[in-house]
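Asker: I would like to see how this sequence folds:
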Amino acid sequence: MARYIGPSTKIARKFGEPIFGFDRVLDKKNYPPGQHGNNKRRKAASEYGVQLREKQKAKYTYGLLERQFASLFKEAARRTGVTGEILLQLLESRLDNTVFRLGIAPTRAAARQLVSHKHILVNGDVVNIPSFTLRPGDVVAVREKSKTLEAITESLRKTNKKFSWLEWDSTNLKGSYVSAPNRDDIPENIQEQLIVELYSK
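Answerer: Modelled structure (predicted):
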């Protein structure tokens, strides 16, 4: 199963954001990595460079590789509506992302692992495909024998974020994907229009 397994802090410093989750290194080194350190004379990025950077940030944030991301963009472009917004909705509807949003896992990488190891149910059935696309009304739950896993209970204890397109039942450890989110409700700092412009070249 393909996934990014390189240094996460280096990528987070590249974008100046904790895109993989909390990273204390960013507090000390909130500038791009490289032998020249915090060089104020870094060359300004071209228009293409800015667009490419935004696509790369979206890829790393949601944990996709190039081919996966390109396929998702093609699907977004095929649908009726605003392509950039649809792209983000498709990213948000992935099972691993939803497990993360519900607070079952502290990061998307951890959510991906929980899904792959068959700890998650969708509509009562085990689904171990992180890229599985949820539809409105789908129910995501923690498998009965996995409810006492320390990784899950600890993550749920620490989470306090709520999202308008998701509902969570803390008693039964299950949530519902109610609807596709509106762009204004998605908290990620991604300028999706730049991605659309990049693929439109």
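
Asker: drop to CA atoms for contacts and neighbour counts, all remaining ones
Answerer: Noted.

Asker: now the strands for this structure?
Answerer: Ranges of strands in the chain, per DSSP state E, are 120-122, 125-126, 139-142, 166-169, 174-177.

Asker: Go through these and pick out the most buried.
Answerer: Neighbour counts (mean count of other Cα atoms under 10 Å) averaged over each of these peak at strand 139-142, with a mean of 24.

Asker: Show residues contacting that one.
Answerer: With Cα atoms under 8 Å, 6 or more residues apart in numbering as the test, strand 139-142 has contacts from 99, 119-124, 172-177.

Asker: re the thing from before, can you add distance to Glu192 and mean pLDDT and give the strands of the chain back as a markdown table?
Answerer: Converted to a markdown table, the strands of the chain look like this (distance: least, Cα to Cα, whole Å; pLDDT from 0 to 100):
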| stretch | distance to Glu192 | mean pLDDT |
| --- | --- | --- |
| strand 120-122 | 29 | 98 |
| strand 125-126 | 32 | 97 |
| strand 139-142 | 27 | 98 |
| strand 166-169 | 22 | 96 |
| strand 174-177 | 22 | 97 |
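
Asker: follow-up on the earlier one: can I get the contacts of strand 139-142 in TSV with distance to Lys57?
Answerer: Formatted as TSV, these follow (distance: Cα to Cα, whole Å):
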residue	distance to Lys57
Val99	20
His119	28
Ile120	27
Leu121	29
Val122	28
Asn123	32
Gly124	34
Asn172	35
Leu173	31
Lys174	30
Gly175	28
Ser176	27
Tyr177	25
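
Asker: Show me which residues of the longest helix anywhere in the chain are buried.
Answerer: Longest helix in the chain by number of residues, with DSSP state H as the criterion: helix 47-62. By neighbour count on 16 or more other Cα atoms under 10 Å, the buried set for helix 47-62 is Gln51, Leu52, Arg53, Glu54, Lys55, Gln56, Lys57, Ala58, Lys59, Tyr60, Thr61, Tyr62.

Asker: out of the strands of the chain, nearest to Ala76?
Answerer: strand 174-177 (19.1 Å; Cα to Cα).

Asker: Determine the set of other helices and strands touching that closest one.
Answerer: Counting contacts by 3 or more Cα pairs under 8 Å, 6 or more residues apart in numbering; DSSP states H and E, strand 174-177 packs against strand 139-142, strand 166-169.

Asker: Send over the last one as PDB, restricted to the C-alpha atoms.
Answerer: Backbone C-alpha positions of strand 166-169 (Å, rounded to 0.1, in the frame of the first residue of the first chain) are rendered in PDB as follows:
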ATOM      1  CA  LEU A 166     -20.200  14.700  10.900                       C
ATOM      2  CA  GLU A 167     -22.100  13.400  13.900                       C
ATOM      3  CA  TRP A 168     -20.500  11.400  16.700                       C
ATOM      4  CA  ASP A 169     -22.000   9.000  19.300                       C
END
